[in-house]
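*Asks:* Predicted structure and sequence below. I'll ask about it afterward.
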Amino acid sequence: MNKTARIFLVDDHPIFRLGLRRILEAEDGIEVCGESDRLEGSAEAIAQTAPDLAIVDISLKDGHGLELVRKLKADNVGIPTLVVSMHDEKLYAERAVRAGAQGYLPKHSSAEKMVMGVRQAMDGELVLSPDIARNLLRRTLHRRPTEDSPLAGLSDRELEIFEMIGRGDSARQIAEKLNISVKTVETHRTNIRQKINLASTNELVRFATTWVSDGEYQPALANGGASPSLA
């Protein structure tokens, strides 16, 4: 008798989790053995349930999904992870692989591609689109930057803070969630602004807010409109 593959879902959108659960459990030999919507406690729950694969979103209620991927890798629990997210594949796919994931799938992938990616990840294959895979190979062989996103030069922590800014978190809220000082957040914020060549904090907030909501920056927004406070 073939072994049933067990999947653990980590995503903060209950409707997406429900839809993905139904897609996966409609397949022979796959069951969802657990779910979580947050970073805290997920690594322990995954270790306890010992699934064949953990599917992890980037944005969680209390943190960043790549932190969970890195923790599972560092803990050496032997459970592969697959990142599934709505965020820009060009920006996050390579970061997911560097963090230790088997690959990255956009949330808008078809049900067939989702199931195929899950099976490939459980088989130890790298799950990436052909373009991203080529870029990753080119970067590995030639060490040349290939990403054209203005955010490509940000570190993982800077990108995490940039996303939190875009979700409307203040510097104090970011500091509390990441367990760092407000001064450290402000330093990261300054570095982010300089790296993506923005003139002011307000412009950074508009950039981040637009990127989080739309997935891309519209320069026209930098000239007007209200911004949430970072105080």
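*Replies:* Perfect, I can see it now. Numbering: from 1, shown residues only.
*Asks:* So the protein: which segments form each domain?
*Replies:* According to automatic domain parsing, the chain comprises the domains 5-142, 156-223.
*Asks:* could you dump those to TSV with mean pLDDT, distance to residue 150 and mean neighbour count?
*Replies:* From N, CA and C alone the C-beta is placed, and that goes for glycine too. TSV is the format used below for the domains of the chain (pLDDT from 0 to 100; distance: least, Cβ to Cβ, whole Å; neighbours: other Cβ atoms under 10 Å):
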stretch	mean pLDDT	distance to residue 150	mean neighbour count
domain 5-142	89	10	18
domain 156-223	80	5	17
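*Asks:* show me the contacts for the spatially most central residue of the chain.
*Replies:* Nearest to the geometric centre of the chain sits residue 58, at 2.4 Å (Cα atoms, centre = their mean). Applying Cβ atoms under 8 Å, 6 or more residues apart in numbering, we find residue 58 in contact with 64-66, 83, 85-87, 92, 163.
*Asks:* what does residue 157 give?
*Replies:* residue 188.
*Asks:* Can you show me the strands along the chain?
*Replies:* Per DSSP state E, the chain carries strands over the ranges 5-10, 30-36, 53-56, 59-60, 63-64, 81-85, 104-106.
*Asks:* Would you format those as CSV with distance to residue 196 included?
*Replies:* Formatted as CSV, these follow (distance: least, Cβ to Cβ, whole Å):
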stretch, distance to residue 196
strand 5-10, 29
strand 30-36, 32
strand 53-56, 26
strand 59-60, 20
strand 63-64, 19
strand 81-85, 21
strand 104-106, 22
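*Asks:* Ok, which of these comes nearest residue 187?
*Replies:* In this view, the strands of the chain are compared for proximity to residue 187 by Cβ to Cβ, and strand 63-64 is the closest at 18.4 Å.
*Asks:* Touching the closest one from outside, list them.
*Replies:* Residues contacting strand 63-64 (Cβ under 8 Å, 6+ apart): 38-40, 58, 160, 163, 177-178.
*Asks:* same thing but 6 Å
*Replies:* 39, 160 (Cβ atoms under 6 Å, 6 or more residues apart in numbering).
*Asks:* Pull up the pairing partners for that strand, direction included.
*Replies:* strand 59-60 (antiparallel) (DSSP bridges).
*Asks:* ok, residue 195 - contacts?
*Replies:* Contacts of residue 195 by Cβ under 6 Å, 6+ apart are residue 153.
*Asks:* Could you shift the numbering so residue one becomes 12, and keep it that way?
*Replies:* New numbering, starting at 12: the last item is residue 206.
*Asks:* Look up how far residue 106 lies from the nearest residue in space to the residue nearest to the centre of the chain that is not next to it in sequence.
*Replies:* Nearest residue to residue 69, sequence neighbours excluded (Cβ to Cβ, 6 or more residues apart in numbering): residue 96, at 4.0 Å. Separation of residue 96 from residue 106 (Cβ to Cβ, to the nearest Å) stands at 11 Å.
*Asks:* Then residue 92?
*Replies:* Residue 92 is 13 Å from residue 106, by Cβ to Cβ.
*Asks:* for residue 185, what are its contacts?
*Replies:* Residue 185 neighbours (Cβ under 6 Å, 6+ apart): 172, 175, 196.
*Asks:* neighbouring contacts of stretch 78-92?
*Replies:* Taking Cβ under 6 Å, 6+ apart as the rule, stretch 78-92 contacts 50, 53-54, 58, 64-65, 67, 110-113, 132.
*Asks:* want to try CSV for those residues, with distance to residue 165 as columns?
*Replies:* Below are these laid out as CSV (distance: Cβ to Cβ, whole Å):
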residue, distance to residue 165
50, 20
53, 24
54, 25
58, 30
64, 28
65, 25
67, 20
110, 15
111, 19
112, 19
113, 23
132, 26
